[in-house]
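Engineer: quick one, fold the following:
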Amino acid sequence: MQADGAVPYRERNIVLIGFMGAGKTTIGKVLAAKLSREFIDVDELISTERGMPVTEIFRTFGEEAFRRMEKEYIGELCFQKQDAVLSLGGGAFLKEDTRELCMANAAVILMDIPWEQWKMRLPLIRDSRPILQNKTDEEIQALYESRQAIYQRHHFRVDAGSQTPEAAAQEIADWLEGRP
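Structural biologist: Here you go, the predicted model:
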């Protein structure tokens, strides 16, 4: 235990946050294998359990309903799972209670990527991300910039745009090992 009675970071679930396409899933899988932990992509879990892709959930029920589902799943995972690496959707941290839950109960790692590097990934992800559909590049950049403030609540930041997934995972593992 740490001096304040909290669970040490290296014993908590790891929650990866950041803008969509920043590498949370790719790095998360590498990190989970490196640490012998279970990897859970929250969007994939919701999609599997609800029997429809996230894009369809957005279309059918709306973003607000999806965010409520997301919050429920994240809460359950934070309290019922151990030794997991959770990849959250890019908008999960929009909900303050989700941010607070993760900050208090997990090691929250920001997968940070500068706009110039991220926009090179846009053609690869545009069609699979409901929040990007029917948006101009300018609207997407405004969304990217507006989300940067919510990502500032984290325990550790990794530059996900300038290193390999293996190097990013090792950086996180080293950080966790160095925590009390």
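Engineer: poorly predicted segments of this structure, please.
Structural biologist: 1-5, 180 (pLDDT under 70).
Engineer: strands of that one, start to end?
Structural biologist: Residue ranges of the strands in the chain, as given by DSSP state E, are 13-17, 38-41, 84-87, 106-112, 156-159.
Engineer: would TSV of these with mean neighbour count and distance to Leu94 be doable?
Structural biologist: C-beta: built from backbone N, CA, C; applies to glycine. What follows is these, written out as TSV (neighbours: other C-beta atoms under 10 Å; distance: least, C-beta to C-beta, whole Å):
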stretch	mean neighbour count	distance to Leu94
strand 13-17	27	11
strand 38-41	18	18
strand 84-87	26	16
strand 106-112	25	15
strand 156-159	18	19
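Engineer: separation between Ser47 and Ala167?
Structural biologist: Computed with C-beta to C-beta, to the nearest Å, the distance linking Ser47 and Ala167 is 29 Å.
Engineer: show me what the longest helix along the chain packs onto, helices and strands only.
Structural biologist: Among the elements of the chain assigned as helix by DSSP state H, the one spanning the most residues is helix 63-80. If you count contacts as 3 or more C-beta pairs under 8 Å, 6 or more residues apart in numbering; DSSP states H and E, helix 63-80 packs onto strand 13-17, helix 42-50, helix 54-61, strand 84-87, helix 96-105.
Engineer: out of those, which is closest to Pro123?
Structural biologist: With respect to Pro123, and counting by C-beta to C-beta, the nearest of the helices and strands packed on helix 63-80 is helix 54-61 at 17.1 Å.
Engineer: just the angle between the closest one and helix 63-80, please?
Structural biologist: Interaxial angle of helix 54-61 relative to helix 63-80 (axes from the mean of the first three to the mean of the last three C-alpha atoms, to 10 degrees): 120 degrees.
Engineer: residues making contact with helix 54-61?
Structural biologist: When contacts are defined by C-beta atoms under 8 Å, 6 or more residues apart in numbering, helix 54-61 is touched by residues 43, 46-47, 50, 52, 65-66, 69, 89, 128-131, 133.
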